[in-house]
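> Build me a model:
(one chain, ligands or ions: 2)
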Amino acid sequence: MSANQTLVLLAPLSGLLVPLEAIPDPVFAGKLVGDGISIDPTSQTLCAPMAGKVLQASGHALSLVGEAGVEVLMHIGLDTVQLQGAGFRCLVQSGEQVAAGQPLIEFDADAIAQNARSLLTQMLVVNGEKVNAYAPESGLVECGQPVLRLTLAATEDAEQASPEEGTPQLFGAVVVPNHSGLHARPAATLAHAAKGFAARITLHKGEGEANAKSLVAIMALEVACGDVLEVRAVGADAEQALARLRQLIAEGCGEDSATAEPAPAAGKPEITVDTNDGELRGVCASPGLALGRVVQIAEPDLQFDEQGQGEAAERQNLRQGLGAAWEQLAAMRLAQAGGPQAEIFQAHQELLEDPDLLEQAEALIARGKSAAFAWHSACVASAERLAALHSALLAERAQDLRDVGRRVARCLLGMAEGPLQLPEQSILIAEQLSPSQTASLDTGKVLGLVTVGGGPTSHVAILARALNIPALCGLPADVLTLVNGTPVLLDGNAGLLRVAPSAAEVEGLQARQRADKQRQRQERDAALQPATTRDGCRIEVSANVASLEEVQQALSLGGEGVGLLRSEFLYLQRDAAPDEAEQRATYRAIAAALGPERNLVVRTLDVGGDKPLSYVPMAAEENPFLGMRGIRLCLQRPELLRTQLRAVLGAAGLSRLHLMLPMVASLEELREVRGMLEQEAAALGVSQLPQLGIMVEVPAAALLAEQFAAEVDFFSIGTNDLTQYCLAMDRGHPRLAAQADALHPGVLRLIELTVRGARAHGKWVGLCGGLASEPLAVPLLLGLGVDELSVSVPAIPAIKAAVRRQHMGDCRALAEEILTLGTSAQVRQRLLAASQSVIERSVEYV
Ligand code: PEP
Ligand code: MG
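Ligands and ions are numbered 1, 2, ... in the order given. Sure, this is the predicted structure:
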């Protein structure tokens with residue numbers, strides 16, 4: 001490209017041009033989003049200022065990329081993101097090619113003027129490095145008239161030169177499983193992992209690209225659940241980087257997407273205020289009921305100087321402010337270790353190191369600004385860019401940036417940071433609770449949360465669901481005028497806040513709360529009792545665990561043993577395999593906690609393929625779920641398996657020890673491991689071998705159950721994988737989640753075959769897949785002949801209670817009938833009917 005090439009942008013609206021510096025918004029006025037023009041409009045249709053492709057199109061904002069890669073953001077009005085699209089009609093879609101002058105968004109100027117701060121509309125170049133000079137017109141302009149002349153930068157050389165020239169670029173695709181897409185927390189985990197590699201790593205979604213080391217850039221990519229991301233890496237450690245990041249993304253970047261509750265459907269909150277009967281409506285962010293008293297929460301004002309005391313001093317200030325904020329977050333993270341709040345603090349720590357934010361802040365300091373102004377503005381500008389995109393989800397994530405911007409500014413201003421002091425039974429009401437405010441709540445005192453802003457995917461909502469606190473968002477601003485101490489009734493299920501409820505309403509709510517609590521209490525009270533059916537058949541209910549802490553929790557909730565110890569927890573997220581002594585100590589501690597009367601089923605290392613270990617180099621695989629995973633990997637790395645076998649043998653005698661092999665597909669695999677086990681036991685002088693069993697999760701193992709049963713001591717059915725392989729549906733595929741149902745009649749037939757094979761040789765059968773934790777499935781599994789249910793720890797009391805409601809004779813008849821059905825839907829329907837009649841019968845029985 002030759003130097004001094006120009007690009008002329010047309011006025012997107014008719015109206016009066018206003019200098020950017022004069023608009024009442026520090027972010028736009030400070031050109032933090034980009035340079036360009038602002039128009040006070042007299043027309044109501046935003047038109048394309050150049051030919052180009054639409055990158056993002058939402059109600060109030062739209063970005064286009066045109067000639068020479070110049071990217072232009074148009075933002076109608078100030079603070080119009082709050083309107084959530086009301087009053088705007090978008091005429092084009094992301095990815096659409098548009099001609100110069102083509103209508104893009106129609107808007108109702110009167111409605112917007114009444115509900116937003118201003119109609120001033122900005123047209124800004126967001127990739128300013130492409131432009132050397134801006135020559136705007138002034139005064140009144142007509143839509144379509146030339147309004148801004150850009151002198152473009154000559155970038156050809158820079159674009160061609162690449163530090164990695166000659167180095168191959170590696171790439172691989174992965175599906176994002178997270179229910180809420182790559183929002184701040186998973187994005188932070190991803191950026192953090194990417195920073196551990198020297199390679200240049202980028203993420204690609206369609207046409208979009210982001211630096212994988214920048215949290216802000218990842219969030220701006222708007223990655224939603226089910227999106228396919230391509231990871232590209234160039235540089236010396238590209239191969240490791242690619243493997244690690246693909247694995248991390250496939251696993252949900254640290255979020256348990258399989259179990260995380262999906263956010264309620266996002267959408268524009270339907271807000272109606274009925275002041276006559278004191279009822280305010282919002283959107284359900286977290287279900288549940290609460291009766292408490294209003295506590296209004298407001299953010300303190302921040303006042304800092306814009307101008308700095310010199311570049312060197314302000315750089316030093318910025319370092320100090322970032323350091324102090326980091327320390328605060330580290331302390332809060334430690335205080336909430338293990339809880340969902342800790343992840344928010346961790347994400348905020350990542351933001352403090354975000355290269356894009358630091359670069360923006362340093363550029364402002366170099367232009368004479370103070371550290372507080374620079375960092376705060378950088379965060380606000382990035383937040384604004386996110387909020388301007390069409391995703392409600394990203395508008396929520398902008399809150400994280402604002403929050404971190406304020407935290408550093410508060411540190412630089414020496415403002416005290418402390419937890420909110422709250423009275424008992426508080427229902428917190430706020431315009432918007434910041435992520436850190438939400439995460440530092442004293443959950444012993446807060447019964448409910450209510451916000452004007454936010455949405456079902458906000459931190460408030462995510463945390464409230466994780467902490468089991470009811471929450472509403474999207475309430476009318478009137479709620480902010482409620483006086484502290486006012487009694488309110490929050491119905492998170494119906495999306496209602498009732499102010500000063502009547503005695504009858506309070507009574508109704510309390511009755512519902514009592515019924516829910518009573519059922520849970522009864523289940524917990526009886527949790528230590530055995531799970532025996534009404535006709536006296538005892539079923540063992542044990543736990544699936546991945547740590548000693550979980551074993552202790554399981555025991556306190558009535559777990560009768562460990563039916564699945566996922567030993568991979570010892571191997572993941574480290575640079576070298578745990579040695580024998582470390583593993584032995586862990587297995588011994590778990591076995592000792594269980595004692596000699598309880599089962600401990602240790603599953604050998606189940607990684608590989610989709611879950612690679614950095615210290616076990618493996619070739620990339622086309623189909624990792626069909627590749628080198630589970631026992632196949634261990635047999636390829638016999639030293640890894642032998643070390644584990646010796647460590648497990650070290651726990652012999654402390655509990656009823658069982659060894660279980662994952663992903664077994666052939667008898668040879670079983671025989672090879674048995675040989676190794678016997679050799680290692682002989683070498684260690686251990687005479688009593690653990691019981692040796694296999695997981696039935698490959699259909700071949702179920703089909704050959706009788707042959708396997710002759711050589712194993714037990715089976716445990718892994719319905720998660722068995723369903724995936726039986727139905728040929730990726731277990732983590734978000735769009736197949738509903739169909740990949742373990743109650744599919746095909747899967748049920750494999751369970752039946754497994755039990756039949758085991759019975760032929762007098763062996764016992766457990767079931768440790770997710771199906772065992774579904775109370776609805778209990779009568780069917782008992783009827784099919786499963787002897788042990790190994791379930792997630794919190795599900796133990798409910799599963800034991802479900803067993804106690806059954807009659808084994810009825811269960812067998814039910815299973816026989818269900819095996820004749822043809823679809824998962826029919827199976828579920830039949831189980832629901834059975835559960836209803838069992839509940840009615842147990843009421844009669846009582
Ligand atoms: C299963 O596949 O059902 C199982 C319990 O194992 P995991 O979920 O660990 O693969
Ligand atoms: Mg499995």
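
> Flag every residue of the stretch 501-650 of the chain that's near ligand 1.
Residues of the stretch 501-650 of the chain lying close to ligand 1 (Cβ under 6 Å from any ligand atom) are 564, 566, 606. C-beta here means a position set from N, CA and C on the backbone, and glycine is covered the same way.

> can you do 5 Å?
Residues of the stretch 501-650 of the chain found near ligand 1 (Cβ under 5 Å from any ligand atom): none.

> what are the ranges of the strands in the stretch 501-650 of the chain?
Under the criterion DSSP state E, counting those that start in this stretch, the stretch 501-650 of the chain contains strands at 531-532, 538-545, 561-566, 599-603.

> Dump those into CSV; add mean neighbour count and mean pLDDT as well.
Output for these, formatted as CSV (neighbours: other Cβ atoms under 10 Å; pLDDT from 0 to 100):
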stretch, mean neighbour count, mean pLDDT
strand 531-532, 20, 97
strand 538-545, 23, 96
strand 561-566, 25, 96
strand 599-603, 24, 98
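
> What separation do you get for the closest residue to R588 other than its chain neighbours and L83?
Nearest residue to R588, sequence neighbours excluded (Cβ to Cβ, 6 or more residues apart in numbering): A651, at 4.8 Å. Applying Cβ to Cβ, to the nearest Å, the value for A651 to L83 is 62 Å.

> more neighbours, the two?
Neighbour count, other Cβ atoms under 10 Å: between A651 and L83, A651 has more, with 23 against 19.

> Wait, that one touches Y587, no?
Yes. Counting by Cβ atoms under 8 Å, A651 does reach Y587; the two are 4.1 Å apart.

> which residues are common contacts for the two?
Common contact partners of A651 and Y587 (Cβ atoms under 8 Å, 6 or more residues apart in numbering): 600, 602.

> Give me the spatial nearest neighbour of I112, chain neighbours excluded.
Per Cβ to Cβ, 6+ apart, closest to I112 is G87, 4.8 Å.

> Show the pLDDT at that neighbour.
G87 is assigned a pLDDT of 88 by the prediction.

> can you pull the contacts of the residue in the stretch 551-700 of the chain that ligand 1 sits nearest to?
Ligand 1 sits closest to E697 of the stretch 551-700 of the chain, with a gap of 4.6 Å, by Cβ to the nearest ligand atom. Shown in contact with E697 (Cβ under 8 Å, 6+ apart): 662-663, 717-722, 725, 769.

> Which residue ranges of the stretch 351-500 of the chain form helices?
Counting by DSSP state H, counting those that start in this stretch, residue ranges of the helices within the stretch 351-500 of the chain are 355-366, 371-388, 392-413, 435-439, 459-467.

> Now render those helices as TSV, adding mean neighbour count and distance to R828.
TSV is the format used below for the helices of the stretch 351-500 of the chain (neighbours: other Cβ atoms under 10 Å; distance: least, Cβ to Cβ, whole Å):
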stretch	mean neighbour count	distance to R828
helix 355-366	19	48
helix 371-388	26	40
helix 392-413	25	31
helix 435-439	24	36
helix 459-467	25	24
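
> Among those helices, single out whichever gets nearest to ligand 2.
helix 459-467 (25.2 Å; Cβ to the ion).

> Show the average pLDDT along that closest one.
Helix 459-467 comes out at a mean pLDDT of 70.

> Around ligand 2, which positions in the stretch 701-846 of the chain sit nearby?
Neighbours of ligand 2 within the stretch 701-846 of the chain, by Cβ under 5 Å from the ion: 718, 721.

> Where does the prediction get shaky in the stretch 701-846 of the chain?
For the stretch 701-846 of the chain, residues meeting the criterion pLDDT under 70 lie at 732-738, 839-846.

> what are the ranges of the strands in it?
Counting by DSSP E, counting those that start in this stretch, the strands of the stretch 701-846 of the chain are 714-717, 764-767, 788-792.

> Adding distance to A335 and mean neighbour count, write the ones you listed out as JSON lines.
Listed next are the strands of the stretch 701-846 of the chain as JSON lines, based on distance: least, Cβ to Cβ, whole Å; neighbours: other Cβ atoms under 10 Å:
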{"stretch": "strand 714-717", "distance to A335": "38", "mean neighbour count": "26"}
{"stretch": "strand 764-767", "distance to A335": "39", "mean neighbour count": "25"}
{"stretch": "strand 788-792", "distance to A335": "26", "mean neighbour count": "26"}
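
> Figure out which of the ones you listed is closest to V838.
strand 788-792 (16.6 Å; Cβ to Cβ).

> relative to strand 561-566, how tilted is the closest one?
60 degrees (axes from the mean of the first three to the mean of the last three Cα atoms, to 10 degrees).

> Next, the contact list for the spatially closest residue to I105 that is not a sequence neighbour, please.
Excluding the flanking residues, the one nearest I105 by Cβ to Cβ, 6+ apart is L46, at 4.3 Å. With contact taken as Cβ under 8 Å, 6+ apart, L46 is in contact with 12-13, 62, 74, 76, 103-107, 121.

> residues in contact with stretch 240-259?
Residues outside stretch 240-259 that contact it (Cβ under 8 Å, 6+ apart): 170-172, 174-179, 182, 185-187, 189-190, 193-194, 196-197, 199, 201, 212, 225, 229, 231, 233, 235, 260, 343, 610-612, 614, 618, 620, 732, 734, 770, 792.

> For the protein, what lies in contact range of ligand 1?
Within the chain, the residues that sit near ligand 1 (Cβ under 5 Å from any ligand atom) are 697, 718-721, 768-769.

> Looking at the residues you listed, which one is closest to G809?
Within the residues of the chain next to ligand 1, the smallest distance to G809 is 24.6 Å, found for T719 (Cβ to Cβ).

> Now do the contacts for S138.
By Cβ under 8 Å, 6+ apart, the residues touching S138 are 17, 19.

> Specify the local secondary structure of A210.
When classified by DSSP: H, G, I helix; E, B strand; the rest coil, A210 comes out as strand.

> picking up where we left off before, tabulate the strands of the stretch 701-846 of the chain in a markdown table, adding columns for distance to Q679.
Shown next, in a markdown table, are these (distance: least, Cβ to Cβ, whole Å):
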| stretch | distance to Q679 |
| --- | --- |
| strand 714-717 | 22 |
| strand 764-767 | 26 |
| strand 788-792 | 29 |
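
> Can you say which of those is nearest to L496?
Nearest of the strands of the stretch 701-846 of the chain to L496, taken as Cβ to Cβ: strand 788-792 at 31.9 Å.

> about what we covered before: okay, among the contacts of L46, which ones form the most distant pair?
Longest span within the contacts of L46, Cβ to Cβ: P103 and T121, 14.3 Å.

> out of those two, which sits in the more crowded spot?
Neighbours per residue (other Cβ under 10 Å) separate P103 from T121, with T121 holding more: 26 against 14.

> helix/strand/coil for V8?
Secondary structure, three-state DSSP: V8 is strand.

> which ones are touching it?
50, 146, 148-150.

> residues in this protein within reach of ligand 2, list them.
697, 718, 721.

> Please list all residues in contact with the second one.
Looking back up the chat, that one is G718. G718 neighbours (Cβ under 8 Å, 6+ apart): 662, 695-697, 768-769.
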